[in-house]
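**Student:** need a 3D model of the following:
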Amino acid sequence: MTYCKNLVFAAACIGMLLFGISLLSLGSLLPSIAARFQLDGIATGALVSALPFGLLGGSMVFGPLVDRFGYKLLLLLSALAVIGGLEAIAFAPSVAVLRFAIVVIGFAGGILNGGTNALVADISAGDRGAKLSLLGVFFGVGALGMPVLLGTLRGVEHATVLSGIGAALLLPVLYIGLIRFPLPKQAQGFPLAQGLGLVRDGALLAIALTLALQSGIEGVVNNWSTTYLEGARGIAPSAALLALSAYVAGMTVTRLVLAAVLRSVSSGRVIFMGIGCTALGIAVVANAPSAMAAGAGLALMGAGLAAAFPLLMGYVADLYPAISGTAFSVVLAIALPGNMLLNYLMGVLKDWAGARYLPPYLGACLALQVVIATVAVRAYQRRTSDAGR
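**Tutor:** Numbers count the residues shown, from 1 in each chain. Presented below is the predicted three-dimensional model:
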């Protein structure tokens, strides 16, 4: 069966856009959800914790499924599940239904995130880093668009807005069902034995641990920056949220230009340049005298963090092209708990010493990432160099 790479790439971008919308919808709507069901802080925290567990579950199962059955059906069902979850949040009659909807969104979102990345890697041999960076732009569009839309429609009931978004998303999802996708790579069975063997691959583990730190740093910046800016730097809540938007914007714009940068600069150098830019951003935020300066620092951090995920996931696809989906699942199953662990440790640090220690905490995580990323990049370069001989 033949397929058009450009059409398939567009379908992957739709899936990633949907993932960005779904992931940011809960955070954007959390205050109104808590008020609607009269939830206290503990109950609200328990509700939010359902999302990463759903994400982890979806990230673990998508790989063997797409390698065995292909991408089309799984992405289509996951997109419809996210839309159904958004509608359920809009009209949930109870907290139990709400919690189930969040788990469904997380699980389907994990499949969309991993599946779209694996799909683009499969159809972009020789240009994976650039294409995966462009794919990441659509996550940023969805992530930025959701808060902006809710802010613009402030006077409209969130249930009405959310249900309308779900209905509007049916049209682009229909596109996924109409085009042709690549055939399954392992049509004769699940590549479970090969998948289990991946956990003994030192290069893959180094990449996964680098991405665990990367995911954790991104999560900590997303979840704790406003707390730090308000509590430690005395910045107003509205200005702190605007500064956080600069972080997402910095990441999105940088991923747009990465395709051009990678034509003249090696991927390994780009990764370490990104780490340096992130370190500079942390220093700016730590000494920011104003909301504008904090926003500039967060934009630098977003720019610095933009490259690692698409480039390192491209490395994974280069190492395991025949079972790329399964390899992506293994990597994400290690990376996502890193996000959860680093966020938990930041919460412990905040309770013990206060939010003012966010910059040194991020700096320590970044220093550890430099060490492991060096091992990962060198292992990848050695493997690909040996394969080319």
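
**Student:** for the closest residue to M16 other than its chain neighbours, give its distance to I105.
**Tutor:** Counting by CB to CB, 6 or more residues apart in numbering, F138 is the residue found nearest to M16 once chain neighbours are left out, at 4.3 Å. All C-beta spots, glycine's among them, are computed from the backbone N, C-alpha and C. Distance of F138 to I105, given as CB to CB, to the nearest Å: 17 Å.

**Student:** so P64, which state does it fall into?
**Tutor:** The three-state label given to P64 by DSSP: H, G, I helix; E, B strand; the rest coil is helix.

**Student:** hmm, it is touching A327, no?
**Tutor:** No - in this structure P64 lies outside contact range of A327 using CB atoms under 8 Å: 10.5 Å.

**Student:** please identify which of these two sits among more neighbours.
**Tutor:** A327 (28 against 21; other CB atoms under 10 Å).

**Student:** pLDDT at the more buried one, what is it?
**Tutor:** According to the prediction, A327 has pLDDT 88.

**Student:** any idea which helix or strand carries it?
**Tutor:** A327 belongs to helix 324-353 when assigned by DSSP states H and E.

**Student:** list the buried residues of that helix.
**Tutor:** 324-336, 338-340, 342-343, 346, 349-350 (16 or more other CB atoms under 10 Å).

**Student:** what is the least confident helix or strand in this protein?
**Tutor:** One helix or strand of the chain scores below all others by mean pLDDT, DSSP states H and E: helix 192-198, with a mean of 63.

**Student:** C-terminal to that one, what's the next element?
**Tutor:** Next element after helix 192-198 (DSSP H and E): helix 202-231.

**Student:** ok, which stretches of the stretch 251-389 of the chain are strands?
**Tutor:** Using DSSP state E, counting those that start in this stretch, no strands are found in the stretch 251-389 of the chain.

**Student:** low-confidence ranges, it, go.
**Tutor:** 386-389 (pLDDT under 70).

**Student:** now do 90
**Tutor:** 252, 256, 258-267, 288-291, 317, 319-330, 332-358, 383-389 (pLDDT under 90).

**Student:** ok, the residue nearest to A212 when sequence neighbours are not counted - contacts?
**Tutor:** The shortest distance from A212 to any non-neighbouring residue, by CB to CB, 6+ apart, is to G338 (2.7 Å). For G338, the contact set (CB atoms under 8 Å, 6 or more residues apart in numbering) comprises L209, L211, A212, L213, Q214, S215, G216.

**Student:** go again with 7 Å.
**Tutor:** With contacts defined as CB atoms under 7 Å, 6 or more residues apart in numbering, G338 is in contact with A212, L213, S215, G216.

**Student:** which residue packs closest to the last one, ignoring adjacent ones?
**Tutor:** By that I understand G216. In space, G216 is closest to L342, 3.0 Å off (CB to CB, 6+ apart).
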